[in-house]
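1. sharing a model that was predicted from the sequence below.
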Amino acid sequence: MSIKTTLVIMAAGLGTRYGEGRIKQLDPIGPNGEIIMDYSIFDAKAAGFDKVVFIIRKDIKQAFDDMIGSRIGQQIETDYVYQQTDDVPEAYKNVERAKPWGTGHAVFACRGVVKEPFAVINADDVYGRKAFVAMHDFLVSEAAAEGGKMHLAMPGFILENTLSAEGTVTRGVCDAADGFLTDITETYGIRREGGKVLSFTSKSDETLKEVDAKSLVSMNMWACPAGFIDTLGAEFEKFLAENAEVAGSEFLLPSVINDMIQRGEADCRLFETSDKWFGMTSVKDKAAAQAAVRANIEAGVYPGKLWG
């Protein structure tokens, strides 16, 4: 019996860097009105994924239905879940929170809906076909079978292939050994400058340091067994016990996975990919994303009209 797989797309972010009142995930960039998620879904379907689950906010559900529902629903099975700030254990219901709790909390919102192995991605990034093939093939392989240590996987992108032409980016710089992730360091303010790739020393220290342009980085794409969602629930409770009252604290997927690796509770295969990322962090990225789509169409990677 074949193993079914789901693509989870995190699209609940407020998009504050993209302009007030604008939903960057739904801004057309393709020649026939395609949005950035269309290209990821196209690649995922070609790689063998059977279903797409969108994590969104309730206030943008109608916009998603108008742009996504009828069109994407004709191509692949779809479902929605909602990331809500009050989706927390009872003991923390009175904690005031303006923004969602982060990417780990977003994926935890999929409990009860995602019951099969899944890959998770950002809604505003295009990763390339190779990454989806690697994640799908891992999920249906024996290497991903649960039992004892939890087995996960991620594509490692070459840092210089993930930089924005406009502004800076944040990336998880990876250390690896024997094809497995050993550590991941969230690195901020990454940009090209003076022929070098530079970053901030830390989130709180904007002193610049040079970063190896060939470093492998995480783009927040992960392949996970179904049981990982239950694990997130337990990890979220531990996070809240320490951080519920800390303003702006975030429960982030890379941090959860890295902590599990350091404790010996999980391992994470790292598949190097040479594909070039493009995405839409800010409104200034739209022209570059449109150019990347045109280049991929000309190269035969995507058809001019994505959905026939």
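-> That came in fine, so what should we check first?
2. which helix runs longest in this structure?
-> Identified as the longest helix of the chain according to DSSP state H is helix 228-243.
3. next one: the helix or strand encompassing residue 151 to chain centre, how far?
-> In the assignment (DSSP states H and E), residue 151 maps to strand 150-158. From the chain centre to the centre of strand 150-158 is a distance of 12 Å (C-alpha atoms, centre = their mean, to the nearest Å).
4. where in the protein is pLDDT low?
-> For the chain, residues meeting the criterion pLDDT under 70 lie at 1, 13-22, 24, 69-70, 143-147.
5. identify all contacting residues around the longest strand seen in it.
-> Identified as the longest strand of the chain according to DSSP state E is strand 180-193. If you take C-beta atoms under 8 Å, 6 or more residues apart in numbering as the criterion, strand 180-193 is touched by 154, 156, 159, 163-164, 167-176, 197-200, 202-203, 206, 208, 211, 217-218, 252, 254-255, 257-258, 261-262, 267-270. C-betas here are computed from N, CA, C, even on glycine.
6. quickly find the element holding the closest residue to residue 278 other than its chain neighbours.
-> Spatial nearest neighbour of residue 278, excluding adjacent residues (C-beta to C-beta, 6 or more residues apart in numbering): residue 292 at 4.0 Å. Assessed by DSSP H and E, residue 292 sits inside helix 286-298.
7. with just CA atoms, put that helix into CSV.
-> Presented in CSV, the C-alpha positions along helix 286-298 are these (Å, rounded to 0.1, in the frame of the first residue of the first chain):
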residue,chain,number,x,y,z
LYS,A,286,7.9,41.2,-6.3
ALA,A,287,9.8,42.3,-9.4
ALA,A,288,12.5,39.8,-8.7
ALA,A,289,10.0,37.0,-8.1
GLN,A,290,8.3,37.9,-11.4
ALA,A,291,11.7,37.8,-13.2
ALA,A,292,12.5,34.4,-11.6
VAL,A,293,9.1,33.0,-12.8
ARG,A,294,9.8,34.3,-16.4
ALA,A,295,13.3,32.7,-16.3
ASN,A,296,11.9,29.4,-15.1
ILE,A,297,9.3,29.4,-17.8
GLU,A,298,11.9,30.2,-20.5
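8. report the buried residues of it.
-> 286, 288, 289, 290, 292, 293, 296, 297 (16 or more other C-beta atoms under 10 Å).
9. closest to residue 114 out of those?
-> residue 289 (27.8 Å; C-beta to C-beta).
10. tell me where the stretch 51-200 of the chain has helices.
-> Listed in chain order, the helices found in the stretch 51-200 of the chain under DSSP state H, counting those that start in this stretch are 61-64, 70-72, 103-108, 129-139.
11. pick the most deeply packed of these.
-> Highest mean neighbour count of these: helix 103-108, a mean of 25 (counted as mean count of other C-beta atoms under 10 Å).
12. what packs against it?
-> strand 6-10, helix 228-243, helix 253-262 (3 or more C-beta pairs under 8 Å, 6 or more residues apart in numbering; DSSP states H and E).
13. out of the ones you listed, which gets nearest to residue 97?
-> Among those, helix 228-243 sits nearest to residue 97 (C-beta to C-beta), with 10.7 Å.
14. give me the number of residues near the closest residue to residue 262 other than its chain neighbours?
-> Residue nearest to residue 262 in three dimensions, not counting chain neighbours: residue 183, with 7.7 Å by C-beta to C-beta, 6+ apart. Other residues near residue 183 number 13, with proximity taken as other C-beta atoms under 10 Å.
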